[in-house]
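[1] attaching a predicted model along with its sequence, questions to come.
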Amino acid sequence: MAVASEPVDFVRRVARLGLWLAFLSSACQPPGEDAGAPFQVALLTSGPVSDAGWYAGAYEGLQMIADSFGAHISHQQTRTPAEFDEAFFAYASSGYDLIFAHGFEYQDAAIRAGAEFPETTIIVSAGGRVAHNVIPLIFQLEEGSYLAGIAAGSLTKTGVIGMVGGVAIPPAEGTFDAFEAGAKSVRPDVEVLVTWIGSWNDVTAAKEAAVALLRRDVDILIHNTDAASFGVFQAVREARGDGRDVWAMGMNRDQNDVAPELILGSAVIRIPEGFVEITRLWYDGDLPGEAYYAGSKASLVDYVVNPARVAEYTPELLALLEETRTGIREGTVDIPRIQFVSDEEANR
């Protein structure tokens, strides 16, 4: 057994070394930073930071950390689980103090890296596993999507609204559960249709899914995707070009300016501010060894009406949204939540 494993281990070490050298030559650094920075912060994303959504917000957060703390920063896009492991190794072994892994998909690789590099702190956005140096950052986006659901349920004319999702993971499913609950709180008979495309970034698949939903009489579409959101917006744009009274909603970031002529509003995570806040806690030694929840109480989650489309909202609807927003912050409005964080497996 030992003889058989040695070549495999050697190949793995060579591959790891090659990827580490590639990392050293390609990792981006902010202009003006030097080796004297007080600490080093890395960001991993599995999609492009040009998505005007989830990944773009994370990259803005990384830049805000550099501005706020004078940190040395670096970003890598990693597409496969093998690349996740290699990127964690490259950053941690290079002395990076704090690594943001921006997505649920990183949680298992983060636990492995955390065990190998106990001095490195890893923050996993939407992660579900906790270790002493691996902290999930849970953006409670369901609070914003519940408000989006109230808006959609109030504004739909056909009584049918739709959702296009990327991968059916608990954090994404939770946003859609809350969206449906919000819609039904104002219109109990509303029909809510959902399609999962199995990808965060497949623009073509998202457009096809959106077109299919629009054919089923959907007149308001929300998404929970990343770069694939452009496909949803394009489908709505083309339907409006054909004379249909249909609308889109943004998610994960304020996307109102992406297509202001067709987006009613956005369920927003203020990811940059969340990144800065959790970095401040870490920097001050106050980061708890448990999941960190970021929601409307800290003004990190909201539903933002598109200023260009505010005429679509009645004064009564705007008042209802504000009343519900206050109720969510004060804990008097009960919205569905999927609990998916556990530290049992991580600490075995």
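    Now that the structure is in, tell me what you want to look at. Computed from a prediction, not measured in an experiment: that's the story for all the values here.

[2] so residue 152 sits against residue 179, correct?
    Yes. The pair residue 152 / residue 179 is scored as a contact, 7.3 Å apart, by C-beta atoms under 8 Å. Glycine gets a C-beta too; all of them are placed from N, C-alpha and C.

[3] list the contacts of residue 328.
    For residue 328, the contacting residues are 143, 146, 147, 295, 296, 335, by C-beta atoms under 8 Å, 6 or more residues apart in numbering.

[4] correction: the previous question concerned residue 204.
    Going by C-beta under 8 Å, 6+ apart, residue 204 touches residue 231.

[5] shift numbering so it begins at 6
    Shifting the count to begin at 6 puts that one at residue 209.

[6] and it, helix, strand or coil?
    helix (DSSP: H, G, I helix; E, B strand; the rest coil).

[7] still on that earlier bit, now render the contacts of residue 333 as TSV, adding neighbour count and distance to residue 170.
    As requested, the contacts of residue 333 are exported to TSV (neighbours: other C-beta atoms under 10 Å; distance: C-beta to C-beta, whole Å):
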residue	neighbour count	distance to residue 170
148	27	18
151	30	16
152	30	18
300	21	20
301	21	22
340	21	18
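
[8] tell me which entries of those residues lie within helices.
    With helices taken from DSSP state H, the overlap with those comprises 148, 151, 152.

[9] can you tell me which of these is closest to residue 276?
    Nearest to residue 276 among the ones in helices among the contacts of residue 333 is residue 148, at 14.6 Å by C-beta to C-beta.

[10] pull up the gap between that closest one and residue 98, please.
    From residue 148 across to residue 98, the span is 38 Å (C-beta to C-beta, to the nearest Å).

[11] one step back: give me the more crowded residue out of residue 157 and residue 184.
    Using other C-beta atoms under 10 Å as the criterion, residue 157 and residue 184 rank with residue 184 on top: 33 against 29.

[12] tell me which helix or strand comes right after the host helix or strand of the more buried one.
    Counting by DSSP states H and E, the element that carries residue 184 is helix 175-191. For helix 175-191, the succeeding helix or strand toward the C-terminus, using DSSP H and E, is strand 196-201.

[13] just the mean pLDDT for that next one, thanks.
    Averaging pLDDT along strand 196-201 gives 98.

[14] show me what contacts the residue nearest the centre of the chain?
    Taking C-alpha atoms, centre = their mean, the centroid of the chain lies closest to residue 59, which sits 4.3 Å from it. For residue 59, the residues meeting the contact criterion (C-beta under 8 Å, 6+ apart) are 52, 107, 108, 205, 231, 257, 258, 274, 276.

[15] that older thread, out of the contacts of residue 333, flag the one nearest to residue 119.
    The shortest approach to residue 119 among these belongs to residue 300, at 25.0 Å (C-beta to C-beta).

[16] helices of this structure, start to end?
    7-31, 59-74, 86-98, 112-121, 147-160, 175-191, 208-220, 234-246, 276-288, 320-335.

[17] those helices: lowest mean pLDDT?
    Looking over the helices of the chain, mean pLDDT reaches its minimum on helix 7-31, with a mean of 41.

[18] one step back: for the contacts of residue 333, which one is nearest residue 315?
    Taking these together and measuring to residue 315 by C-beta to C-beta, the closest member is residue 152, at 14.7 Å.

[19] quick one, what contacts that closest one?
    Contacts of residue 152 (C-beta under 8 Å, 6+ apart): 187, 272, 307, 308, 326, 329, 330, 333.

[20] also residue 264?
    By C-beta under 8 Å, 6+ apart, the neighbours of residue 264 are 238, 241, 242, 253.

[21] nearest residue to the second one in space, please, no chain neighbours.
    To tie it back to what came earlier, the one meant is residue 241. Nearest non-adjacent residue to residue 241, counting by C-beta to C-beta, 6 or more residues apart in numbering: residue 253, 4.3 Å away.

[22] check the first one too.
    Using C-beta to C-beta, 6+ apart and skipping the chain neighbours, the partner closest in space to residue 238 is residue 264 (4.8 Å).

[23] and the ones in helices among the contacts of residue 333 as a markdown table, adding distance to residue 45?
    Below are these laid out as a markdown table (distance: C-beta to C-beta, whole Å):
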| residue | distance to residue 45 |
| --- | --- |
| 148 | 33 |
| 151 | 38 |
| 152 | 38 |
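
[24] residue 100: what's it in contact with?
    Taking C-beta under 8 Å, 6+ apart, one finds residue 45 in contact with residue 100.

[25] check it and give its pLDDT.
    pLDDT recorded at residue 100 is 96.

[26] now swap in residue 349 and tell me
    At residue 349, pLDDT is 43.

[27] ditto for residue 293
    Per-residue confidence at residue 293 stands at 87 (pLDDT).

[28] tell me how far it lies from residue 135.
    10 Å.

[29] for residue 297, name its beta-bridge partners.
    Counting by DSSP bridges, residue 297 is bridged to residue 142.

[30] could you report the neighbour count for it?
    17.

[31] quick one: contacts for residue 150?
    So residue 150 contacts 180, 181, 183, 184, 187, 227, 229, 256, 272, 308 (C-beta under 8 Å, 6+ apart).
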